[in-house]
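>>> take this sequence and fold it.
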Amino acid sequence: MASGVTRVIHRCDDAKENQALDLSNCQLMQVPDAVYHLMRHTELKTCDLSDNVITKIPPKFAVKFNLITDLNLSHNQMSKLPEECAEMGNLERLDISHNSFISLPNCIFKMPKLHQLKASDNRIVDIEVDYLTEAPSLQTVDFQRNPITPRIHEQLSRITKIIVILSPRQTEDWEDLTI
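The predicted structure is shown next:
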């Protein structure tokens, strides 16, 4: 356990130099409170929390790290994001792939500068297509390897304003009328 703590502290020290906080592969279940303390005078530009066992991000994360442009939350166990993430006014790239999301958090649609969203390899079934197309800056979304319903898949494939990356839709048994 101590080695993990030491690793986190060292990585926070690195982040003070380069504004890039890399806490990937630290077996974290959450962002340790010490991180907010250690980073309080640092204007982080990027944050990598990938490859941990994080189940949720607290509202204060979005408040304390509201200047980051790049947030990697991939390969965790998250299924939601706090509404406060909408306040992350500089976030341009968000990676929530390889998590447990069943729908897209509403805050994503409100992030003013978000232009790239990776949400592949989740359990997303339904997507608010209207919200997606009305997101202020969204340019590219990746929904590959999600169990998206046929109706939503069809709606997403018709979007022209945003580049939507989808896995080929699996035809349902009942749709195969050649039998």
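>>> low-confidence ranges, the protein, go.
Per-residue confidence for the chain (pLDDT under 70) gives these ranges: 1-2, 170-179.
>>> and the helices in it?
All helices of the chain, identified by DSSP state H, fall at 2-18, 33-38, 59-64, 107-110, 129-134, 150-157.
>>> quick one, which of these is nearest to E87?
helix 59-64 (5.6 Å; CB to CB). To be clear about C-beta, it is placed using only N, CA and C from the backbone, and glycine gets the same treatment.
>>> going by neighbour count, which residues of stretch 143-153 are buried?
Buried positions in stretch 143-153, judged by neighbour count with 16 or more other CB atoms under 10 Å: F143, R145, N146, I148, I152, H153.
>>> keeping just the C-alphas, turn stretch 121-129 into PDB.
Provided in PDB are the C-alpha atoms of stretch 121-129 (Å, rounded to 0.1, in the frame of the first residue of the first chain):
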ATOM      1  CA  ASP A 121     -16.400  -0.400 -24.600                       C
ATOM      2  CA  ASN A 122     -19.100   0.500 -22.100                       C
ATOM      3  CA  ARG A 123     -22.700  -0.800 -21.600                       C
ATOM      4  CA  ILE A 124     -24.400   2.200 -23.300                       C
ATOM      5  CA  VAL A 125     -27.800   1.200 -24.600                       C
ATOM      6  CA  ASP A 126     -29.500   4.500 -25.000                       C
ATOM      7  CA  ILE A 127     -28.100   7.900 -26.100                       C
ATOM      8  CA  GLU A 128     -30.000  11.200 -26.000                       C
ATOM      9  CA  VAL A 129     -29.300  11.900 -29.700                       C
END
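>>> need the contact partners of it.
If you take CB atoms under 8 Å, 6 or more residues apart in numbering as the criterion, stretch 121-129 is touched by 96-104, 106, 109, 143-149, 152, 155-156, 159.
>>> if we use 6 Å, what do you get?
97-99, 101-104, 145-147, 149, 152, 155 (CB atoms under 6 Å, 6 or more residues apart in numbering).
>>> also stretch 51-65?
Under CB under 6 Å, 6+ apart, the answer for stretch 51-65 is 24-25, 28-31, 36, 44, 75-77, 81-82, 84-85, 87-88.
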